[in-house]
Structure formats: structure tokens, C-alpha cells
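Student: make a model of this:
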Amino acid sequence: MASRKVIESINKLREDILSGKLPQGQLLPTEKQLAQSLKLSRPTVAKIYDALSQEGLIRKKAGFGTIVVYGEESKPLNFGLLFPGAGESEIFGAISDQFLQIEKEDNIKFLWEGTIANDAKIRQSTILKTCQTYVDNDVDGVFFVPLERVVKSASINRDVCEMLDQHNIPVVLLDRDIDNFPIRSKYPVIGLDNFRAGYLTAKHIIEQGCKKIYFLYRKDSPSSVYKRIAGCSKACFDEGIDFTKENLISGNPSQSDFLGKVKIVAGETGILCANDTTAAALMANISNLGYEVTKDILVAGFDDLKYAEMLRFPLTTYKQPIEDIVSTSLQTMQNQLENKNTISMNLDLKGELIIRQSTTFS
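Tutor: Got it, this is the predicted structure:
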């Protein structure tokens, strides 16, 4: 039999909901928070929420938490997914798939224009049209992965956000900011803790015996890459290894003359690549020029794409926390909808270093 305090707690919450004191859409405290407030155990609080859920007054929603649904209107929340880089990296495809899974929950719908081509110039020409489509559909918010690797990406990203601002549509940025690190925009950014990722990955290859560290990235890379570079630099500093502008290599690793910029010392050279795609291209080029991964150099990437472990030398990489990115982004969007004056924030999420053959000298 439920205790008197539990019954009183259920009645109080029920009364607050029915009276409108806790309106439809209100995000309730977590079970831990309510347990601390009421001085009850979390299992007991879970039973309180279960009782109100069975009455149709509240509901747990993936990515949001527990919200009030009493008096809920039939119109679902509509969000736009604006991922212009989805055609270039399967990471953003995986993130969009995770979002679309949420549609199974009531009152959430995502508009998704699909992959916007592999070619950066095509993405550049279509991104504003896609944004306008979301405005025309009167979406409640937009999850936006800023455009990268095109000359005008910064101005285009600002144009997108300003268009949404003009129509009072909240924006949550994923993976990267629209401004280059360390400058911050006013929009919330949800993604991997890239500084930590760069630091731990560099520290790992240093521990494997590398005394010469390079960081390889492509021109017009996003702010997330520069955070990885900063983390790599800090790891080298902590280990007493030089890391200057000469250790930053910008270009296309598929080009035959690319490695002329890198002074490889066999058995002592490690190269961090901005992502797994760049790392795969580098590894193929290295073998064509007579060098070999694990014998002459070590190579690591970021993202943990599906093919990373299928390469000739399975790639050490830093895994993205896909589910955490999506759930945290949804929570942040909910906060944006409830409070238009939400302050700018960076939510850096913990990933995982996946160690494979490419960072072990044979």
C-alpha cells in the first residue's frame, strides 16, 4: 500500500496539472531531482510518475524527459533537419536516422529534405532553399549542421540563422558553431567534446612511441576541427613535443605530392586526421608512395565511420556519441521553445577512443 506521503504527492501533482499550474508541455523535474525535493527514493518517485502517466496526465518522451500532456493539442511539433553535410559523412546520416526514430513518439515530427549531394558547391546552392521550405512549413524549430568546406560557408550559415531568427524559429546547432573557434555565436551548440577528443587521441599515439606529430585537415574545415587541433597541441605540450604551424598540414591527402609537406621519421611519426574520411585517403596515398602504416607511421581519425574497422589497417578513431547528441539536442530545443531568452551554450559530450591496428607499430 502506498504511503500517505506518496498519495499526497500524487494528489498534489495531479491538482497542479488539472488546474493548469503545470501547463501542457511543461517539463517536469527528473526522477532524481523530484526524489531529492520530496526526500523520497527514486523508485518511489518513478511509481508516482507511472501513476500519473497511466491517468494520461504526463508522458516520458525520448530526448525530452517527462512532460505534462494533459490538454495536449493534436497538432504535433514540427522540426526541420538541416544537414547539408549528410552527403559527405555518414555521421550526419546516422544522426538524422536517430532523429527520425523519435517520430514514433507522439506529437513530434521531423521534416527532412534528404541528403543534399556530395558536392559542396551543390550544397551551397540549395541550403537556403531548404531553409525557406522549413520557414514556409512553419516549423517549430530547426536542427542545423552548419555548412563547411566552401569559401562562402560562414556567410551562408549566418544567412540561414538570420532567416530563422526573422521568423522567430529557434535554432540548435549540431557538431559545430557558425563562427570559427574560439569565437562563439549566440546559438546553442551540441556535439562531441572535440578538444578532449583531440587531446586523448594525440596522447594515445604519443604513448605508442610517436615523437613527431602532425594534424591533417582540409581547407575551410569547421570549428570542431580546430578544437581537435587545440586538443592535439595541448597533448604535445604536456608531453614536451614540439607542435607548431609546421605540424599543421592542410590539403588533399589523395594528391600524389601531398606527403612532400610531411617529414616522416620511420617509427616515430604519427598523423591525426580531422576525420575518418581524410584518414582513409591518407592511408591509401601512403602505401602508393612506399610508406606503410604501422611500420613507418601511425594514423588516427575521428567519427568511427562504419568502414573504419574494414580498412587494410583497421583505423583507430574517436567515436561520436550519436544518441547523446540527439537526446541532448532535443532537450535543448525544448528549453528554447519554453524560454525564448535561453542563453548561448556549448554542450560538449563525451565520446570514446576506439583503438585499432593503425596506431600500433609492428
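Student: number of nearby residues for residue 219?
Tutor: 10 (other Cβ atoms under 10 Å). C-beta here means a position set from N, CA and C on the backbone, and glycine is covered the same way.
Student: now do the SS call for it.
Tutor: coil (DSSP: H, G, I helix; E, B strand; the rest coil).
Student: tell me who's in contact with residue 323.
Tutor: Listed by Cβ atoms under 8 Å, 6 or more residues apart in numbering, the contact partners of residue 323 are residue 98.
Student: for it, give me phi and psi.
Tutor: The phi/psi pair for residue 323 (degrees, to the nearest 10) reads phi -60, psi -40.
Student: ok, now how distant is it from residue 99?
Tutor: 11 Å (Cβ to Cβ, to the nearest Å).
Student: got it, and residue 361?
Tutor: 41 Å.
Student: higher neighbour count, these two?
Tutor: Each of residue 361 and residue 99 has its neighbours counted (other Cβ under 10 Å); residue 99 has more, 22 against 16.
Student: now the helix or strand that one falls within: buried residues?
Tutor: Here residue 99, judged by DSSP states H and E, is contained in helix 90-101. Across helix 90-101, burial judged by 16 or more other Cβ atoms under 10 Å covers 90-92, 94-96, 98-99.
Student: before we move on, what about stretch 236-246?
Tutor: Of the residues in stretch 236-246, 236, 241, 243 count as buried by neighbour count, 16+ other Cβ under 10 Å.
Student: of those residues, which is the nearest to residue 351?
Tutor: residue 236 (20.2 Å; Cβ to Cβ).
Student: tell me the contacts of the spatially closest residue to residue 243 that is not a sequence neighbour?
Tutor: Nearest residue to residue 243 in three dimensions, chain neighbours excluded: residue 236, at 3.8 Å (Cβ to Cβ, 6 or more residues apart in numbering). Counting by Cβ under 8 Å, 6+ apart, residue 236 touches 202, 206, 213, 242-243, 247.
Student: could you name the helices and strands sitting against the helix holding residue 99?
Tutor: Counting contacts by 3 or more Cβ pairs under 8 Å, 6 or more residues apart in numbering; DSSP states H and E, helix 90-101 packs against strand 77-82, strand 108-112, helix 322-338.
Student: could you pull up phi and psi at the residue nearest the centre of the chain?
Tutor: In the chain, the residue lying closest to the centroid (Cα atoms, centre = their mean) is residue 191, at 3.0 Å. Main-chain dihedrals, residue 191, degrees, to the nearest 10: phi -180, psi -170.
Student: please enumerate the strands of the stretch 51-200 of the chain.
Tutor: 58-61, 65-68, 77-82, 108-112, 141-144, 171-174, 189-192 (DSSP state E, counting those that start in this stretch).
Student: doesn't residue 347 fall inside a strand?
Tutor: Yes. Using three-state DSSP, the assignment for residue 347 is a strand.
Student: excluding its backbone neighbours, what's nearest it?
Tutor: Nearest residue to residue 347, sequence neighbours excluded (Cβ to Cβ, 6+ apart): residue 190, at 4.9 Å.
Student: give the bridge partners for that neighbour, please.
Tutor: On the basis of DSSP bridges, residue 190 is bridged to residue 174, residue 347.
Student: please give me every residue in contact with it.
Tutor: Residue 190 makes contact with 172-175, 325, 328-329, 332, 347, 349 under the criterion Cβ under 8 Å, 6+ apart.
Student: same thing but at 7 Å, please
Tutor: The contact partners of residue 190, by Cβ atoms under 7 Å, 6 or more residues apart in numbering, come to 172, 174, 325, 328-329, 332, 347.
Student: now swap in residue 22 and tell me
Tutor: 16, 68.
Student: cool, and the one 3 residues further on?
Tutor: Counting by Cβ under 7 Å, 6+ apart, residue 25 touches 67-68.
Student: from the chain's centre, how far out does the helix or strand where residue 13 lies sit?
Tutor: Using DSSP H and E, residue 13 sits in helix 4-18. Relative to its chain's centre, helix 4-18 lies at 38 Å (Cα atoms, centre = their mean, to the nearest Å).
Student: contacts for that helix, please.
Tutor: Contact with helix 4-18 is made by 22, 38, 44, 48, 51-52, 57, 68, 70, as judged by Cβ under 7 Å, 6+ apart.
Student: of the residues you listed, grab the buried ones for PyMOL.
Tutor: A single PyMOL command is used to select the members of those judged buried by 16+ other Cβ under 10 Å:
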select buried, resi 22+38+44+48+51+52+57+68+70
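Student: dump the contacts of helix 4-18 into JSON lines; add distance to residue 129 and pLDDT as well.
Tutor: Shown next, in JSON lines, are those (distance: Cβ to Cβ, whole Å; pLDDT from 0 to 100):
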{"residue": "22", "distance to residue 129": "41", "pLDDT": "87"}
{"residue": "38", "distance to residue 129": "51", "pLDDT": "85"}
{"residue": "44", "distance to residue 129": "53", "pLDDT": "87"}
{"residue": "48", "distance to residue 129": "48", "pLDDT": "88"}
{"residue": "51", "distance to residue 129": "49", "pLDDT": "86"}
{"residue": "52", "distance to residue 129": "44", "pLDDT": "87"}
{"residue": "57", "distance to residue 129": "42", "pLDDT": "86"}
{"residue": "68", "distance to residue 129": "37", "pLDDT": "85"}
{"residue": "70", "distance to residue 129": "40", "pLDDT": "80"}
